[in-house]
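Student: give me the fold of what follows.
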Amino acid sequence: MIETSGLTKYYGDTPGIVDLDLEIRKGEVFGFIGPNGAGKSTTIRTLLNFLFPTRGSGTILGLDIIKGSLEIRTRTGYLPGDLSMYDTMTAREFLTYFAHLRKVDTSVRMQELADRFELDLDRKIKDYSTGNRQKVGIVNAFMPNPELYILDEPTAGLDPLMQQEFQEMIGEVRDEGSTVFLSSHILPEVERIADRVGIVRLGRLIEVDTVEAFKAKAHRSVTIQFATPVEASVFASLEGVASVETRNDGTVLSLTVRGSMDAVVKEAARYDVVSVSTRSGELEEVFLSYYSQDNDAS
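Tutor: The predicted structure is shown next:
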């Protein structure tokens with residue numbers, strides 16, 4: 001659905017994105033994460049031809065992002081991160097205006113989405129709260145039922161109930177075969193709804209993988225209760241074990257494990273095990289580890 005090769009955008013001498021090689025598959029939810037200023041919005045604006053790339057190329061829906069930009073926008077539901085609207089219009093007038101630009105009748109879908117997000121369509125946009133303005137942007141992106149959704153910080157300003165509603169809607173459009181490119185810095189949200197995640201740092205894409213694969217790279221907390229005391233040093237020397245603590249006279253071990261659990265499981269199996277509990281690492285832990293590194297190329 002989206003493919004780029006060496007896509008680069010500079011603002012003068014300041015890099016926005018550099019040598020972006022990205023592939024987003026049909027029917028997946030792709031989370032694009034990074035802190036403010038990392039290059040997320042620049043990537044989206046360049047993909048949609050709101051910014052002209054310094055170099056490199058890209059395609060969306062098989063169309064060149066520059067030559068085919070009009071058709072790309074026609075077939076894409078877009079929510080910008082810096083949403084601007086005509087404040088003197090009502091939400092209904094604003095959304096109808098965009099439906100006319102697309103030359104489609106979205107009145108039924110518009111009302112369905114407004115009801116779902118508890119949005120009064122007949123109030124002027126200038127009278128809306130930040131959260132309600134965001135709801136208008138979401139309705140505008142979703143009401144044409146596009147093949148592709150490109151959403152930049154979509155839940156900014158939404159309360160937790162509406163965030164949950166949005167996440168359910170993402171799952172529904174994915175089940176219908178649509179593709180979602182979701183830029184966000186709300187990591188728990190990305191963790192819940194994304195199939196794959198790309199981490200962008202200082203304008204560069206530094207890692208792409210599934211959510212589960214990222215979490216597997218995080219430290220896992222493991223607590224093992226044995227029937228009799230065991231030597232903590234034996235487990236401390238195992239591959240992947242970062243730390244070991246003992247309790248209850250050595251019958252309980254609390255381990256921090258990175259990567260595969262194979263060595264720990266095999267060693268524990270040599271003893272009489274009473275119980276085992278584990279807690280998986282969080283995407284946030286992995287994400288922060290990438291940003292705690294020095295700012296050099298490595």
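Student: gap between stretch 242-255 and the chain center?
Tutor: Remark: stretch 242-255 is offset 36 Å from the chain centroid, using CA atoms, centre = their mean, to the nearest Å.
Student: just stretch 19-26 next, same as before
Tutor: Put simply, stretch 19-26 sits 14 Å off its chain's centre (CA atoms, centre = their mean).
Student: so which residues make contact with it?
Tutor: With CB atoms under 8 Å, 6 or more residues apart in numbering as the test, stretch 19-26 has contacts from 1-8, 30, 43, 56, 177, 179, 181, 198, 204-205, 208. C-beta: built from backbone N, CA, C; applies to glycine.
Student: so which of the residues you listed sit within helices?
Tutor: Using DSSP state H, the members of the contacts of stretch 19-26 that fall in helices are T43.
Student: of the contacts of stretch 19-26, which belong to strands?
Tutor: Of the positions in the contacts of stretch 19-26, 2-8, 30, 56, 179, 181, 198, 204-205, 208 sit in strands, assigned by DSSP state E.
Student: from those, list the buried ones, please.
Tutor: Among the ones in strands among the contacts of stretch 19-26, those classed as buried by 16 or more other CB atoms under 10 Å are 2-4, 7-8, 30, 56, 179, 181, 198, 204-205, 208.
Student: where along the stretch 51-200 of the chain do the helices fall?
Tutor: For the stretch 51-200 of the chain, applying DSSP state H, counting those that start in this stretch gives helices covering 69-74, 91-102, 107-116, 130-142, 160-175, 187-193.
Student: whatever helix or strand V257 lives in pairs with which strands?
Tutor: Here V257, judged by DSSP states H and E, is contained in strand 252-258. Partner strands and pairing direction for strand 252-258 (DSSP bridges) are strand 219-226 (antiparallel), strand 241-247 (antiparallel).
Student: ok, T90 - contacts?
Tutor: L121, D122, R123, K124, I125.
Student: surely R55 and T4 touch.
Tutor: No: with contact defined as CB atoms under 8 Å, R55 does not reach T4; the gap is 11.4 Å.
Student: returning to what we had before: may I see the strands paired with strand 252-258 organised as JSON lines, with mean pLDDT, distance to D115 and mean neighbour count added?
Tutor: Output for those, formatted as JSON lines (pLDDT from 0 to 100; distance: least, CB to CB, whole Å; neighbours: other CB atoms under 10 Å):
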{"stretch": "strand 219-226", "mean pLDDT": "90", "distance to D115": "43", "mean neighbour count": "18"}
{"stretch": "strand 241-247", "mean pLDDT": "92", "distance to D115": "50", "mean neighbour count": "15"}
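Student: dihedrals phi and psi, the residue of the chain most remote from its centre?
Tutor: Going by CA atoms, centre = their mean, the residue of the chain most distant from its centre is T228, 45.3 Å out. With angles defined as degrees, to the nearest 10, T228 sits at phi -130, psi 160.
Student: contacting residues around it?
Tutor: T228 is in contact with T251, Y271, D272, counting by CB under 8 Å, 6+ apart.
Student: any idea how far L253 is from it?
Tutor: Counting by CB to CB, to the nearest Å, the gap from T228 to L253 is 12 Å.
Student: check Y10 too.
Tutor: Separation of Y10 from L253 (CB to CB): 53 Å.
Student: more neighbours, those two?
Tutor: L253 (25 against 15; other CB atoms under 10 Å).
Student: ranking helices and strands of this structure by mean pLDDT, which lands last?
Tutor: helix 283-291 (a mean of 70; mean pLDDT, DSSP states H and E).
Student: that helix packs against which elements?
Tutor: Here helix 283-291 touches helix 187-193, strand 196-201, helix 211-217, going by 3 or more CB pairs under 8 Å, 6 or more residues apart in numbering; DSSP states H and E.
Student: let me know the closest of the contacts of T90 to V139.
Tutor: V139 lies nearest to L121 out of those, by CB to CB, at 8.5 Å.
Student: how much space separates the closest one from A114?
Tutor: On the measure of CB to CB, L121 and A114 end up 5 Å apart.
Student: now do I17
Tutor: I17 is 35 Å from A114, by CB to CB.
Student: which strand residues bridge the residue lying closest to F30 once chain neighbours are set aside?
Tutor: Sequence neighbours aside, I24 is the residue nearest to F30 in space, at 4.7 Å (criterion: CB to CB, 6 or more residues apart in numbering). Going by DSSP bridges, I24 is paired in beta bridges with I2.
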